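*Asks:* Here is a sequence together with a model predicted from it:
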Protein chains: 2
Amino acid sequence: MLNLFLQGVSATIVMTAEVITIGDEILYGHITDTNTQYISEELSKIGIRTVRKSAVGDTEEAILQILAEASSRADIILITGGLGPTKDDITKHTIAKYFGVGLVTHQPTLDQVTDFFTRRGREMLEMNNRQADVPTNAEVLLNKLGTAPGMWIAHEGKVFISMPGVPFEMKHIMQTSVIERLKQHFELPVIVHKMVHTVGLGESFLAEKIRDWEDNLPKHIKLAYLPSLGIVKLRLTAIGASSMELNNAIEHQIGKLTPLIPDYIFAYNAEGRLEAAIGRMLLHKNLTISTAESCTGGYLAHLITAVAGSSVYYKGSVIAYANEVKMALLDVKEETLAQYGAVSEQTAIEMAENVRKKLKTDVAIATTGIAGPDGGTDEKPVGTVWIGFAAGGKSFAKRYVAGTTRENNTRLFSLYALNLLRMQLQELG
Amino acid sequence: MLNLFLQGVSATIVMTAEVITIGDEILYGHITDTNTQYISEELSKIGIRTVRKSAVGDTEEAILQILAEASSRADIILITGGLGPTKDDITKHTIAKYFGVGLVTHQPTLDQVTDFFTRRGREMLEMNNRQADVPTNAEVLLNKLGTAPGMWIAHEGKVFISMPGVPFEMKHIMQTSVIERLKQHFELPVIVHKMVHTVGLGESFLAEKIRDWEDNLPKHIKLAYLPSLGIVKLRLTAIGASSMELNNAIEHQIGKLTPLIPDYIFAYNAEGRLEAAIGRMLLHKNLTISTAESCTGGYLAHLITAVAGSSVYYKGSVIAYANEVKMALLDVKEETLAQYGAVSEQTAIEMAENVRKKLKTDVAIATTGIAGPDGGTDEKPVGTVWIGFAAGGKSFAKRYVAGTTRENNTRLFSLYALNLLRMQLQELG
């Protein structure tokens, strides 16, 4: 963990942060908070350790209390939410009160807010004018995507940062102002991260395979396992003085890691979606693809087409949910369905071969299985899927067994299909 | 807001809660915390007000500090995380230390843990035995879905509840133990909630249409707007002494609300997915459906098939991402594509009509549009979509314009298609 890791390197240089969310809608569970995950992850990338996260409601008492508490514990206090124009949103006034200062209109922000309304042909109300007011001790962090400005207040060695709660506005202010300013304001360690994306091995099996390598990592490079459904990301973090040296040291370690798990790594960069990695492979090899789906019901196609630019290599899909559609649109033989069933090796192969022919693509994949909750048998329990693959001179199908919930099965089936496709594309050279 | 609402009714009966998440993985932003949203929403349903949420790391100092703080502010302290078998997980020992008590083995839990390993044929380690240890002052809340038990500690008028951080285990313990125990332990107000699900009107337009009704709600019934992409849920909450009276009072108000926005309401119950409501309509009317998708790339089919049992009414889809697939599999005429383009009323109608014929269904819907980020023109900007509909004697298409990001457009296009389908099914009577 970065926590202990940073402590280990030098206790004096580690800056600490608290992240505060203001808003009844978070407190009462009306919406999921994704802001604080983003903020603490970004802070961790530049070597700032989050020591606490808090959510409080839209009341002056609660906000004053958490500001006092947080600044007694951390160097940097990041606040999101409560900056809207309506009267529930009191963050700005409360921050001014906390510092015992008044508000002043920030003219560039007022111009921007006015322009925002003019361009949309909307009437501007007095409360919108007030969006441009900021505490007199605040420096404004421009928000080009909305009307509530970000604020930076340096006070007695601490820094208070206030941002709107709308995720894309907050991210915009983090990326255009906050990270850079924090780097300038504080003496931060140099930190370099690299991500290695893997698929096809569970966390503990992966850990087993790379244990010796992990145990022999130099002290200034740490490894984190970040698992999600079917995918495990390995994050290497190096800390030191020169980013070029750290980059080289991490690349050297990745060079030693790769041969240990060559079949499981699908990307090394930040864009870690398997479907995007496959898209790059298809583009590189100049191949087109089609899909035929039964149990995944369109989710596989959705993943592939969620990648911008996928229309270059993806032609389409037949979602043959009903057996008669498998026969009518995919020419799956009635005998095949009768003899082996819809969830079978033979059906998966026919689906893949025939969609490839019909849609005239270089390769094709097909899914047929039982997502649940009903429809399972002893022989073919819920979670069983056959993935079919077809290319020019080759076609086959492979059986997988996933879990028990319909949602997870749909996701895992699609992941199995994408991973089988990835392995085949690799073999194609 | 329930906050002010509960304060208004009777300041003395409102019980307050703090929700604490323990774990470095939340603190450093490796994973998104969805537990606290669930917990505070469930508490709010039984009239308990969350006053703060906090996340702290896996250190004894941080845990002791937050336990002391939280119990100085709230009546109920709910803790998730840090109950795993490995040495990073110190919640249980730290809770025991906080109360100055030791740990004792809870035999029924040990039996269950042993059984858990035996049934999976896995070796049980000493650290797994320790899973069954609990502080001597704790009552165990059985966890049938995992090996870490929940704990309930009543102490000086406050209640401390500790649960594992795995979401489905936490939810299981909340539903099978915590909610019922809280109702018995505290004198809580009787609270009744009803949800009205709407689609097709933005939050502010909806508020405008129902303003008089909202202003005239009796004092003991409150309304909350819960918006998400394209959908607004209205939550009615009534507080009082008799649940039957409250139910009647809410039903009476819903009876007055419905005629104000008849076209926008699609469900009244807890299952608020539009695609599930449509599934119920199709089952009720004994109709089958097929889809043809271009820009939505399978997402529409995915929504429909995510509903368990959808295979009764859903036959399949043709995802015609490429124009040649629109012609080959959906018989869209070459002249239509040449004259009007793929994103046009005519293409959408031909797609819907032809998929309906090919898949032999009663109704069909089709999507063709520009999800972005590229491919837009002045005439047809990114976010433009045509939704086609076909039934026995009727076919038409309607144009919508959504937003700018590929992901949101895919979701909104699918929502427009489902809502158009819903309106047509309503007309079919």
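*Replies:* Noted; the coordinates are in hand. Numbering: from 1, shown residues only, chains lettered A, B, ... in the order given.
*Asks:* elements contacting the lengthiest helix in chain A?
*Replies:* Longest helix of chain A, by residue count under DSSP state H: helix A:406-427. Helices and strands touching helix A:406-427, as assessed by 3 or more CB pairs under 8 Å, 6 or more residues apart in numbering or on different chains; DSSP states H and E, comprise strand A:190-199, helix A:274-285, helix A:299-305, strand A:363-369, strand A:384-391, strand A:394-401. Every C-beta, even on glycine, is put in place using the N, C-alpha and C of the backbone.
*Asks:* Relative to residue B:32, which of the ones you listed is closest?
*Replies:* Closest approach to residue B:32 among the helices and strands packed on helix A:406-427 (CB to CB): strand A:190-199, 17.4 Å.
*Asks:* Give me the sheet partners of that closest one and which way each runs.
*Replies:* strand A:231-240 (antiparallel), strand A:265-267 (antiparallel) (DSSP bridges).
*Asks:* Can you flag the weakest of these by average pLDDT?
*Replies:* Note on the strands paired with strand A:190-199: strand A:231-240 shows the lowest mean pLDDT, a mean of 89.
*Asks:* could you dump it to PDB, C-alpha only?
*Replies:* The C-alpha atoms that make up strand A:231-240 are tabulated as PDB, following Å, rounded to 0.1, in the frame of the first residue of the first chain:
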ATOM      1  CA  ILE A 231      -9.700  -8.500 -14.700                       C
ATOM      2  CA  VAL A 232      -6.700  -7.800 -12.500                       C
ATOM      3  CA  LYS A 233      -4.700  -4.600 -12.900                       C
ATOM      4  CA  LEU A 234      -1.200  -4.600 -11.600                       C
ATOM      5  CA  ARG A 235       0.000  -1.100 -10.700                       C
ATOM      6  CA  LEU A 236       3.700  -0.500 -10.300                       C
ATOM      7  CA  THR A 237       4.600   2.600  -8.400                       C
ATOM      8  CA  ALA A 238       8.200   3.900  -8.100                       C
ATOM      9  CA  ILE A 239       9.200   6.800  -5.900                       C
ATOM     10  CA  GLY A 240      12.500   8.700  -6.000                       C
END
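*Asks:* Next up, the contacts around residue A:403.
*Replies:* A:383, A:409, A:412 (CB atoms under 8 Å, 6 or more residues apart in numbering or on different chains).
*Asks:* Spell out the secondary structure type for it.
*Replies:* Look at residue A:403: counting by DSSP: H, G, I helix; E, B strand; the rest coil, its state is coil.
*Asks:* From residue A:46, how far off is the closest residue in space to residue A:45 that isn't next to it in sequence?
*Replies:* Setting aside the residues directly before and after it, residue A:45 is nearest to residue A:193 in space (CB to CB, 6 or more residues apart in numbering or on different chains), at 5.8 Å. According to CB to CB, to the nearest Å, residue A:193 stands 10 Å off from residue A:46.
*Asks:* picking that back up, okay, the contacts of residue A:403 in TSV with pLDDT next?
*Replies:* Shown next, in TSV, are the contacts of residue A:403 (pLDDT from 0 to 100):
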residue	pLDDT
A:383	93
A:409	93
A:412	94
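*Asks:* any idea which of the residues you listed has the most stuff around it?
*Replies:* In terms of neighbours by other CB atoms under 10 Å in any protein chain shown, these top out with residue A:409 at 24 neighbours.
*Asks:* State the distance from that one to residue A:297.
*Replies:* 11 Å.
*Asks:* joint contacts of those two?
*Replies:* Residues touching both residue A:409 and residue A:297 (CB under 8 Å, 6+ apart) are residue A:371.
*Asks:* Near chain B, which residues of the stretch 201-350 of chain A are found?
*Replies:* Contact residues (CB under 8 Å from any CB of the partner chain) of the stretch 201-350 of chain A with chain B: A:224, A:226, A:290-291, A:293, A:297-302, A:304-306, A:308-311, A:314-322, A:324-325, A:328-329.
*Asks:* try it again with 6 Å
*Replies:* By CB under 6 Å from any CB of the partner chain, the part of the stretch 201-350 of chain A that sits against chain B consists of A:226, A:297-299, A:301-302, A:305, A:308, A:311, A:314-322, A:325.
*Asks:* And those residues, which of them are buried?
*Replies:* Using 16 or more other CB atoms under 10 Å in any protein chain shown as the burial test, these include A:226, A:297-299, A:301-302, A:305, A:311, A:314-322, A:325 as buried.
*Asks:* So which of the residues you listed sit within strands?
*Replies:* Counted as lying in strands by DSSP state E, out of those, are A:226, A:314-320.
*Asks:* quick one: residue A:412 and residue A:402 touch, right?
*Replies:* Yes - counting by CB atoms under 6 Å, residue A:412 touches residue A:402, with 4.0 Å between them.
*Asks:* picking up where we left off before, and the ones in strands among the buried ones among the residues of the stretch 201-350 of chain A next to chain B as a markdown table, adding distance to residue B:16 and pLDDT?
*Replies:* Rendered in a markdown table, the data for those read as follows (distance: CB to CB, whole Å; pLDDT from 0 to 100):
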| residue | distance to residue B:16 | pLDDT |
| --- | --- | --- |
| A:226 | 35 | 79 |
| A:314 | 53 | 97 |
| A:315 | 58 | 97 |
| A:316 | 55 | 97 |
| A:317 | 52 | 96 |
| A:318 | 56 | 97 |
| A:319 | 50 | 97 |
| A:320 | 54 | 96 |
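*Asks:* With distance to residue A:187 added, can I get the residues you listed in JSON lines?
*Replies:* Shown next, in JSON lines, are these (distance: CB to CB, whole Å):
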{"residue": "A:226", "distance to residue A:187": "28"}
{"residue": "A:314", "distance to residue A:187": "49"}
{"residue": "A:315", "distance to residue A:187": "55"}
{"residue": "A:316", "distance to residue A:187": "55"}
{"residue": "A:317", "distance to residue A:187": "54"}
{"residue": "A:318", "distance to residue A:187": "60"}
{"residue": "A:319", "distance to residue A:187": "57"}
{"residue": "A:320", "distance to residue A:187": "61"}
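*Asks:* of the residues you listed, closest to residue B:418?
*Replies:* Of all those, residue B:418 sits closest to residue A:319, with 16.0 Å by CB to CB.
*Asks:* so after the strand or helix carrying residue A:61, what's the next helix or strand?
*Replies:* If you go by DSSP states H and E, residue A:61 is part of helix A:60-73. Proceeding N to C from helix A:60-73, the next assigned helix or strand is strand A:76-80, under DSSP H and E.
*Asks:* Show me which residues of stretch A:339-356 are buried.
*Replies:* Quick answer for stretch A:339-356 (16+ other CB under 10 Å): A:340-356.
*Asks:* next one: the longest helix of chain A to chain centre, how far?
*Replies:* Relative to its parent chain, helix A:406-427 has a centroid offset of 19 Å by CA atoms, centre = their mean, to the nearest Å.
*Asks:* what does that helix contact?
*Replies:* The contact list for helix A:406-427 (CB atoms under 6 Å, 6 or more residues apart in numbering or on different chains) reads A:199-200, A:229-230, A:266, A:274-275, A:278, A:281, A:296, A:299-300, A:303, A:365, A:367, A:369, A:371-373, A:383, A:385, A:387, A:389, A:400, A:402, B:308.
*Asks:* relative to strand A:190-199, how tilted is that helix?
*Replies:* 100 degrees (axes from the mean of the first three to the mean of the last three CA atoms, to 10 degrees).
*Asks:* Give me the angle between helix A:406-427 and strand A:363-369.
*Replies:* Going by the same axes, to 10 degrees, helix A:406-427 makes 150 degrees with strand A:363-369.
*Asks:* can you pull the buried residues of helix A:406-427?
*Replies:* Going by neighbour count (16+ other CB under 10 Å), the buried part of helix A:406-427 is A:406, A:408-425.
*Asks:* cool, stretch A:178-194 as well?
*Replies:* Of the residues in stretch A:178-194, A:178-179, A:182, A:188-194 count as buried by neighbour count, 16+ other CB under 10 Å.
*Asks:* How many residues are close by the closest residue in space to residue A:414 that isn't next to it in sequence?
*Replies:* In this structure, residue A:414 finds its nearest non-sequential neighbour in residue A:300, 4.4 Å apart by CB to CB, 6+ apart. By the criterion of other CB under 10 Å, residue A:300 has 32 neighbours.
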